[in-house]
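Q: Build me a model from this:
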Amino acid sequence: MNRIFKKETYTFFDRPQKIINNFKSKEFLITLGIGLLIIIGFIGLNKLGLSSLINVNSKSSLPVFFIFGIMAGISSCAALIGGIILSMSKQWGELYSDTDSIWKKIQPHLIFNAGRLTSYGLLGAVLGIVGSKLDFSLNFGPVLAIAVSVMMIFLAFQMFGFKVFRKFQFTMPRFITGFIADESNFKGRYMPFLMGAFTFFLPCGFTITAQGLALISGSATQGALIMVLFALGTLPMLLTIGLSSVKFSQKPHLSTKFLKVAGILVLFFALYNINFQLNVLGVSSLSDLGINSSQSSGTAKNNLLQNEEGLPPIVNGKQIIKMDASSRGYLPSYFKVKAGIPVRWEITDKGTSGCTNAIISKSLFEGEIPLTPGQTSIKEFTPKKPGKYKFSCWMGMVSGIIEVKI
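A: Purely as a prediction, here's the structure:
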């Protein structure tokens, strides 16, 4: 038996064996190191401001949206959608565990992306028809992203092997999957398509930008083409993530290690998304640490005429604050203003794109501040109550604080 199953790394014993602790410190450190290297690389790419390499608007040619999708695929879409793919790779692998065919094992990933392309095309056409009548809620998006991220955390712990999470299954709502009630027919094969289609509603900043431009197009054909080309741009990276998980699953001695690495990435992506959605909701997050540490230097650069308390100058009865915005962040990112006095906020766009091409702050003003590269946008509002109020881009990836003093 041992000779027969040697290649499959199985070992048989003629006597009961004691269960020993399988924890291996060297293997753990290698797995952790691989996961951290990938995370550091991901953060580094975002810090380089890759999204600033391309800007799109409603007049852009259609191929630009494909390139725009590629940029999304290596940034925010990789975090949100890629995290979901990694989360599901374990369950999808189990569905086809009785076959050695790689083609069958990659089918769920192909079906997932087919669902994405189909829904993006159909709903892109709907956006083009509906036009300005369709609006995305500032509350619904962040709450949905946090809910998905919490599910990803559960799945990450499942990948780590915690028994309490083994019964947890990531499924679509019953009202969507009710028509596939027969388990013998279902067998999970429709789930990847539905999940791929559902990603249209996940609040990725790049996706929202493409959806907004499809909305503005006012044409079903144009709207569909914009969204399909955008989804095609995200396809290479998402397929790479999915097919890599299949490749590793074919080798038993590597599949466990890959599962642990994937678990680390899923957990990171989940916490990464939750942190940024807290910025959108105006709640304290880890992003505040960097903002607070740069408070003094940022404020000093902002206003050469500020007083000793760090408050901005008042011109014609308005407090004047100025800021540069780019895909890398805001400079400065911390302001002090006085309550009850109107504020004139001058924002110069130094190269924004994706979710950074607009600024929101639910606590200070309604709606958004649209930004255009090379131009200065102006927002006037009157802060009422003292406190620290957050502002951020649509997805919360870059943020800042306005402190209102008495």
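
Q: what's the longest strand in the chain?
A: strand 318-326 (DSSP state E).

Q: List the contacts of it.
A: 49, 52, 302-303, 311-314, 330-333, 335, 337-338, 341-352, 356, 359, 371, 380, 400 (C-beta atoms under 8 Å, 6 or more residues apart in numbering). The C-beta positions use only the backbone N, C-alpha and C, and glycine is treated the same way.

Q: And that strand, what's buried?
A: By 16 or more other C-beta atoms under 10 Å, the buried positions in strand 318-326 come out as K318, Q319, I320, I321, K322, M323, D324, A325, S326.

Q: How far does stretch 211-229 stretch from one end to the other?
A: End-to-end span of stretch 211-229 (C-alpha to C-alpha, to the nearest Å): 12 Å.

Q: swap in stretch 329-339?
A: 26 Å.

Q: in it, what's buried?
A: G329, Y330, L331, P332, S333, Y334, F335, K336, V337, K338.

Q: Which ones among those lie within helices?
A: Among the buried residues of stretch 329-339, none falls in helices (DSSP state H).

Q: What about those, which are in strands?
A: Per DSSP E, those map to strands at G329, Y330, L331, Y334, F335, K336, V337, K338.

Q: How about the contacts made by the last one?
A: Okay, so that is K338. K338 neighbours (C-beta under 8 Å, 6+ apart): L311, Q319, P383, V404, K405, I406.

Q: can we see that at 7 Å?
A: Listed by C-beta atoms under 7 Å, 6 or more residues apart in numbering, the contact set of K338 reads L311, Q319, K405.

Q: could I get the residues you listed as a markdown table with pLDDT and distance to L289?
A: Output for the contacts of K338, formatted as a markdown table (pLDDT from 0 to 100; distance: C-beta to C-beta, whole Å):
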| residue | pLDDT | distance to L289 |
| --- | --- | --- |
| L311 | 88 | 24 |
| Q319 | 94 | 26 |
| K405 | 91 | 21 |
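
Q: E27: which of the residues you listed is nearest?
A: K405 (53.8 Å; C-beta to C-beta).

Q: Bridged to that closest one, which residues?
A: K338 (DSSP bridges).

Q: I'd say it and K385 touch.
A: No. K405 lies out of contact with K385 (C-beta atoms under 7 Å); the separation is 10.8 Å.

Q: Look at the two and report which has more neighbours.
A: Set K405 next to K385 and count neighbours by other C-beta atoms under 10 Å: K405 wins out with 13 against 10.

Q: quick one, what contacts that one?
A: K336, K338, A339, P386.

Q: Show the residue spans covered by the helices in the stretch 201-350 of the chain.
A: Using DSSP state H, counting those that start in this stretch, the helices of the stretch 201-350 of the chain run over 205-217, 220-249, 252-281, 287-293, 295-302.

Q: Can you name every helix or strand that the first one contacts?
A: With contacts defined as 3 or more C-beta pairs under 7 Å, 6 or more residues apart in numbering; DSSP states H and E, helix 205-217 has these neighbours: helix 62-73, helix 76-95, helix 102-130, helix 220-249.

Q: contacting residues for P370?
A: A358, S377.

Q: Kindly report the same for V398.
A: Residues in contact with V398 (C-beta under 7 Å, 6+ apart) are G329, Y330, T356, S392.

Q: Roughly how far does the nearest residue to the last one once chain neighbours are set aside sit from L127?
A: Nearest-residue entry for S392: S399, 3.8 Å, with adjacent residues in sequence omitted and distances by C-beta to C-beta, 6 or more residues apart in numbering. In this structure, S399 and L127 are 28 Å apart, going by C-beta to C-beta, to the nearest Å.

Q: Over to P332?
A: According to C-beta to C-beta, P332 and L127 sit 36 Å apart.

Q: and if you look at I341?
A: 41 Å.

Q: More neighbours: which of these two?
A: The neighbour comparison of I341 against L127 (other C-beta under 10 Å) goes to L127, with 27 against 15.

Q: That one contacts L215, doesn't it?
A: Yes. Between L127 and L215 there is a contact under C-beta under 7 Å: 4.7 Å.

Q: hmm, back to that, what's the lowest-pLDDT member of the buried residues of stretch 329-339?
A: Ranked by pLDDT, the buried residues of stretch 329-339 bottom out at G329, which has 86.

Q: Look up the residues forming beta bridges with that one.
A: Beta-bridge pairing for G329 (DSSP bridges): S326.

Q: thinking again about what came up before, could I get the contacts of V398 as JSON lines with distance to F269?
A: Listed next are the contacts of V398 as JSON lines, based on distance: C-beta to C-beta, whole Å:
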{"residue": "G329", "distance to F269": "20"}
{"residue": "Y330", "distance to F269": "24"}
{"residue": "T356", "distance to F269": "19"}
{"residue": "S392", "distance to F269": "19"}
